[in-house]
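# all I have is the shape, not the residue letters:
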C-alpha cells in the first residue's frame with residue numbers, strides 16, 4: 001500500500017514509488033491511496049501509463065477514505081466493489097497502531113523482556129481475531145442462507161453494481177427540460193427583484209394590503 005501526499009511538484013515522488021512497484025513486483029499489483037482516483041489519472045497521463053496498463057496495475061482507494069468520495073467514484077475504485085481484495089481494507093497500519101496503544105499503560109514501565117513478551121501476545125491475539133479464514137467460516141453460512149431465502153446469486157451482486165454505476169453516470173447531467181424550467185424560474189426571480197428596485201412601494205399581487 002502506498003500512502004503519499006501528491007501535491008504539485010511532489011507528484012514526482014508518487015510516480016517514483018509507482019515505477020519501483022512495477023519494477024520489483026511486476027504484473028497484477030494494486031496500490032491503495034486516499035485519493036486513488038486522482039492518482040490513477042496522474043499515472044495514466046505520465047510516461048508510466050503504457051507500462052502500468054501492460055502490467056495490469058490497479059490504483060484503488062482505502063476503504064475508510066473511500067466513503068468520502070462520490071458514489072460513482074466508489075463503485076469504480078472502492079475495495080467494497082472490487083474483486084480480488086478479499087476483506088482487505090488497506091487500513092491495517094492505522095488499525096494496528098490504534099489498537100496497540102491500549103498496551104502502553106501495561107508495558108511502559110516493564111522490563112525489555114516483558115515489554116517484548118506482552119507485545120508478542122497482543123499481536124498474536126490480533127492475528128487470531130482478524131483471521132480471514134475465521135471471518136469466512138463464521139459469516140459465509142449466514143450469507144448463503146440469506147441468498148437462498150431471497151433467491152439471490154453471486155452474479156446478482158455484480159450486476160447490481162454495474163446497473164447502479166450506469167444509472168448514476170446517466171444521471172450526471174440534468175435533462176434539458178429540467179434545466180430550462182430552472183432557468184425560467186431564475187429569470188422570473190430576477191424580474192421580480194428588478195421590479196421591486198424600480199418601485200419599492202409596489203405591492204405584490206399575492207400579498208394583502
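Sure, I can see it. Predicted model, so just to flag it, every value in this text is computed and none were measured.

# can you list the low-confidence ranges for this structure?
Regions of the chain meeting the criterion pLDDT under 70 cover residues 1-11, 172, 200-209.

# strands along that one, start to end?
Assignment of strands within the chain using DSSP state E yields the ranges 30-33, 58-61.

# who's in contact with the most centrally placed residue in the chain?
Within the chain, the residue whose C-alpha comes closest to the C-alpha centroid is residue 66; the distance, by CA atoms, centre = their mean, is 1.7 Å. Residues counted as contacts of residue 66 (CB atoms under 8 Å, 6 or more residues apart in numbering) are 73-74, 77-80. In short, each C-beta sits where N, CA and C put it, glycine included.

# hmm, try it at 6 Å
By CB atoms under 6 Å, 6 or more residues apart in numbering, the contact set of residue 66 is 74, 78.

# what's the spacing between it and residue 162?
Separation of residue 66 from residue 162 (CB to CB, to the nearest Å): 18 Å.

# and residue 154, by the same measure?
Computed with CB to CB, the distance linking residue 154 and residue 162 is 14 Å.

# over to residue 33?
Taking CB to CB as the measure, residue 33 and residue 162 are separated by 24 Å.

# neighbour count for the two, which is higher?
Using other CB atoms under 10 Å as the criterion, residue 33 and residue 162 rank with residue 33 on top: 24 against 11.

# isn't that one right next to residue 40, touching?
No: no contact is recorded between residue 33 and residue 40 when judged using CB atoms under 6 Å, the distance being 8.6 Å.
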